[in-house]
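S.K.: my questions are about this predicted structure, shown below with the sequence.
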Amino acid sequence: MGNADTPVRGIAARAGGWSARHRWAAVGIWVLFVVLAMGLGSAAGRVDVKESDQLKGETHTAAKIVEDAGIEEPASETVLVQSRNGGLKATDGEFKAAVTAVVEAVEGTGKVTDVTSPYDTKTISKDGRSALVQFDMRGDSDTAGERVEPVLKAVEGVQKDHGSLRIEEIGGASMMKTFDDAFGDDFQKAELSAVPVALGILLIAFGALVAALLPVALAVTAIMATMGLMGVVSHVMPMSDTANSVMLLVGLAVGVDYCLFYLRREREERAAGRDAQTALRIAAATSGRAIIVSGVTVCVAMAGMLFTGLAEFEAMGLASLMVVAVAMVGSVTVLPALLSLLGERVEKGRIPFLRKAMERRAARTGGESRFWTAVLRGVLAKPLISVLVAAGVLLAVAAPAVGMKTQNLTLDQEFGNSLPIVQTYNRVNDAFPGGSEPAEVVVRAKDINAPEVKSALADFKERAISSGASRGPVEIKLHEAQNIAYVYVPLVGGSDLDKAGTSLEKLRDEVRPATLGKIDGVQAPITGQVAGSHDFNDQLGGAVIPVFAFVVVFAFLLMLLSFRSLTVAITSIVLNLLSVGAAYGILVAVFQHGWGASLVGAEGVGAIITWLPLFLFVILFGLSMDYHVFVVSRIREARLRGRTTKDAIQHGVVTTAGVVTSAAVIMVAVFAIFGTLSMQSMKQMGVGLAAAVLIDATIIRGVLLPAVMALLGERNWYLPKWLDRMPDLTHDEAPEAVAAPVVPEGERAGV
């Protein structure tokens, strides 16, 4: 198996060999690629997902009608005028004076239009102690938050003159400004702090500055190149800011991981006495191959998002897929070239106390993890008990996921009561249920002023209240030039999305068919926050099975082709599903039930944000393959070198434990940063990802995987005879097989 004439197969080994021989060319090509991608992206500009394309269903239809009509909806604002102690009513003189003062103050800013008094629009609460002054901001709604401050100050001025009343403003523009002031830097801080955190952990792992900088440099250049490519691709499939953030998160995680795997193997072979050239070839053929198998599997998982039919998910999936592919290519091409160029200088910038500690530990343990050696000894001694205990723990952790409830989070769920504007939101909802987020019926007719259309609109307005879907007031706003009318219907249930959803169904299934639905040529899709959440859930629910099936089936096939073992393919899928299930369980326990939520600075909000379960499944299933492929490849390599399966398991796990631990710590730290953000949805994402990676790198890879493989023994490598005709994407990964000089170009390559 190890003579010098053995040819080296595999794309990774061939790519690494070429890069090591043509190192300046490889580095130059990579730099040129990054610069060219960024230049093309900058020149092309980025096309973002349109609001009308965000969702399917009625929400999409309504947005498309508005877009086609060229109607620019202004940012609407509301001022709540409310008695503080319940003594004053809207009919009292002081109350009326305050309302008049609000109207005059906001009109006096010159920033608003269409100011309406509650005495004209009947926006007075049933108890008569609350009223709403409503108006629109002038100019583009997307930038209204930048112009709303004078209006807010005017309202504050009125509040100072009327201490017995509560006078507060809320709306699209004021919320935009408040959130930008409070949380605008959250994402930027998280993204900027991720790189120093990763670098710090790598410094501890390698004990040398240059070695620590390499993975970060690869990840950052891969991210930069992908940002440019996103601009070009966005002209075919629109992108978004969310896709950009997810791409950065995934790119940093896999970019650092892949480089870490490669670099640690090269250092390990040099520590074993091999010369630099041989060590590099071995790293290329072993870790390089694991990176390609892992990278392709992650790309397949990310491609699952393309089956959702949701523009935001498609953008996230494509952006993540691209950054993984770029990082994978960089790892097996420019990285070997850089290592060849640097040689011993990769150890430059040594941190003395860390290096000494690492050298003492290596001398004692022979490069193997003492902790995991001890754990493995117990696991392999009693594999059945280990499987039962580990699987039992994971199933227990996953159990709460059975009762998972998903919904788009309301304002108070997303931000809690930390901001005054959230308290205003709650007060408006209490006084006018559904008034802060009404359902919007977008009515398009051939002639919006036709008698039968006007009659149907009036009938719809009356039935919306008589059906129990709304308590009113229902407002109709005409755009006669475009033959479109907006009907605003406050839903019974308000911010309780379950109850509001029932009201929405009444509007869609009962009220509309009996009124507007009877008029030929009239379209009346119903949109708004509640409708958007409902349509999003329906769309996502229909995508779950296709996405799950696509990811699982293709990951299974890739494992089968890469390891030519039916057993390895099946166990990899089962273990990854256990990891995802445990992450779901933790999410539900912490964020839905509130168990231990305060430990992570979160709140039990009663639900998981709608998009997260599917997003987590795709991301985690892909990232889990990093560790799985790396560990199993090392076990298979040891088995090919003649070790027994049990010895191969022991060797594979303990020799990869250090790099897997370092990679996991980096991922957990980066994801945990997002768990510190103010928004509950971001906390849910950060905690879910961090918990899953931690479980995957410890219980799954350190206990369950070796225990299952020990129980299966030689059956780990089982492949039915009828599958022998499959393409052979494996090769001899033993170091002796790749220690020979790299074969000339022109030879057929496998993986």
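M.R.: The structure has been received and is ready for your questions.

S.K.: sec struct for residue 442, please.
M.R.: Secondary structure for residue 442, judged by DSSP: H, G, I helix; E, B strand; the rest coil, is strand.

S.K.: I'd say it and residue 525 touch.
M.R.: Yes. Residue 442 is within contact range of residue 525, at 5.7 Å (criterion: C-beta atoms under 8 Å). Any C-beta I mention is one placed from the backbone N, CA and C, and that applies to glycine too.

S.K.: overlap of the contact sets of these two?
M.R.: Shared contacts of residue 442 and residue 525, defined by C-beta atoms under 8 Å, 6 or more residues apart in numbering, comprise 62, 65.

S.K.: tell me, how many residues neighbour residue 104?
M.R.: By the measure other C-beta atoms under 10 Å, the count of residues near residue 104 is 12.

S.K.: quick one: the strands in the protein?
M.R.: 76-83, 112-116, 130-137, 165-171, 406-407, 439-444, 475-479, 484-489, 526-527, 608-609 (DSSP state E).

S.K.: adding mean neighbour count, write these out as JSON lines.
M.R.: What follows is the strands of the chain, written out as JSON lines (neighbours: other C-beta atoms under 10 Å):
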{"stretch": "strand 76-83", "mean neighbour count": "24"}
{"stretch": "strand 112-116", "mean neighbour count": "16"}
{"stretch": "strand 130-137", "mean neighbour count": "24"}
{"stretch": "strand 165-171", "mean neighbour count": "22"}
{"stretch": "strand 406-407", "mean neighbour count": "19"}
{"stretch": "strand 439-444", "mean neighbour count": "24"}
{"stretch": "strand 475-479", "mean neighbour count": "15"}
{"stretch": "strand 484-489", "mean neighbour count": "22"}
{"stretch": "strand 526-527", "mean neighbour count": "24"}
{"stretch": "strand 608-609", "mean neighbour count": "24"}
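
S.K.: what's the closest of those strands to residue 504?
M.R.: Closest to residue 504 of the strands of the chain is strand 439-444 (C-beta to C-beta; 6.0 Å).

S.K.: what's the closest one in contact with?
M.R.: With C-beta under 8 Å, 6+ apart, strand 439-444 has contacts from 62, 65-66, 69, 453, 457, 460, 483-491, 503-504, 507, 512, 516, 522-528, 530-531.

S.K.: so what touches stretch 117-130?
M.R.: So stretch 117-130 is contacted by 80-83, 86, 88-91, 96, 99-100, 103, 116, 131-134, 427, 431-432, 435, 471-473, 475 (C-beta under 8 Å, 6+ apart).

S.K.: give me the distance between the two termini of that stretch.
M.R.: Its start and end residues considered, stretch 117-130 measures 13 Å (C-alpha to C-alpha, to the nearest Å).

S.K.: ok, and for it, which residues are buried?
M.R.: Within stretch 117-130, the residues that qualify as buried are 117-118, 123-125, 129-130, counting by 16 or more other C-beta atoms under 10 Å.

S.K.: which residues does residue 394 contact?
M.R.: Residues near residue 394 by C-beta under 8 Å, 6+ apart: 578-579, 581-582, 695, 699-700, 704.

S.K.: re earlier: okay, and which of the contacts of strand 439-444 map to helices?
M.R.: 62, 65-66, 69, 453, 457, 460, 503-504, 512, 530-531 (DSSP state H).

S.K.: neighbours around the closest residue to residue 550 other than its chain neighbours, how many?
M.R.: For residue 550, ignoring the flanking residues on the chain, the nearest one in space by C-beta to C-beta, 6 or more residues apart in numbering is residue 304 at 5.0 Å. Counted with other C-beta under 10 Å, the neighbours of residue 304 add up to 26.
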